[in-house]
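Undergrad: okay, predicted coordinates and the sequence, questions at the end:
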Amino acid sequence: MTIDAFLPWTRWFLAFHVISVMAWMAGMFYLPRLFVYHCQVRVGSEESERFKIMERRLLRAIINPAMIASLFFGILLVLTPGAVDWHAGWWHSKMTALVGMFAFHGFCSRWRKDFAKDQNRHTERYYRIANEIPTVLMMIIVIMVIVRPF
Ligand code: HEM
């Protein structure tokens, strides 16, 4: 199902989709970095409490709203005639990488809650490695929508 009335707005939807995706990605790259630094400070210290505030604000004020806006404008694009080729491999690959991105977002939320309760269960190295996941997913998504290799 597509909506013809959306056609004149396609470029606007694309612009706001890309703007919100940039904000979402900025947060997804930075939050695991904060977890790396958070691991280096003592539980209960002043620095630890400051990291908790930074992590909560980053997730609630930037990452979550930006994710909702990316999804909203992405759905408007899906409903625009001609934006998506449902038979194309690039679209399915983008969707698959997106499932990974949403899952990673969910894990970040859980890790943040663990830190907030002083119950982090992972090492600094773990977060350093986790930090690379959204980068790889983002590269796959952008190559799929821009290059459309298949
Ligand atoms: C949140 C769920 C998302 C949905 C439902 C969605 C959906 C869409 C749709 C339907 C298009 C138009 C396809 C086209 O004709 O080019 C599009 C374009 C685009 N998407 Fe997404 N997307 C989502 C998330 C993302 C993410 C996470 C990224 C980057 C990491 C991304 C990057 C892009 C880019 C760069 C374009 C522009 C391609 C062009 O210039 O035509 N999207 N998206």
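TA: Done, it's in.

Undergrad: and residue 109, what helix or strand is that in?
TA: For residue 109, the host element (DSSP states H and E) is helix 89-116.

Undergrad: residue of this protein nearest the ligand, please.
TA: With C-beta to the nearest ligand atom, the shortest gap between the chain and the ligand falls at residue 74, namely 2.4 Å. Where you see a C-beta, it was placed from the backbone N, CA and C, and this is true even at glycine.

Undergrad: surely that residue meets residue 14?
TA: No: using C-beta atoms under 8 Å, residue 74 and residue 14 do not qualify as a contacting pair, with a distance of 9.9 Å.

Undergrad: name the nearest residue to residue 23, sequence neighbours excluded.
TA: Setting aside the residues directly before and after it, residue 23 is nearest to residue 66 in space (C-beta to C-beta, 6 or more residues apart in numbering), at 3.7 Å.

Undergrad: ok, residue 116 next?
TA: Nearest non-adjacent residue to residue 116 (C-beta to C-beta, 6+ apart): residue 52, at 5.3 Å.

Undergrad: pLDDT below threshold where in the protein?
TA: For the chain, no stretch is flagged by pLDDT under 70.

Undergrad: next structured bit after the longest helix seen in it?
TA: Counting residues, the longest helix in the chain under DSSP state H turns out to be helix 10-39. Reading on from helix 10-39 to the C-terminus, the next helix or strand found by DSSP H and E is helix 46-57.

Undergrad: hang on, the earlier thing: and the helix holding residue 109, what's buried?
TA: For helix 89-116, the buried set under the neighbour-count rule, 16 or more other C-beta atoms under 10 Å, comprises 90-91, 93-94, 97-98, 101, 104-105, 108, 111-112, 115.
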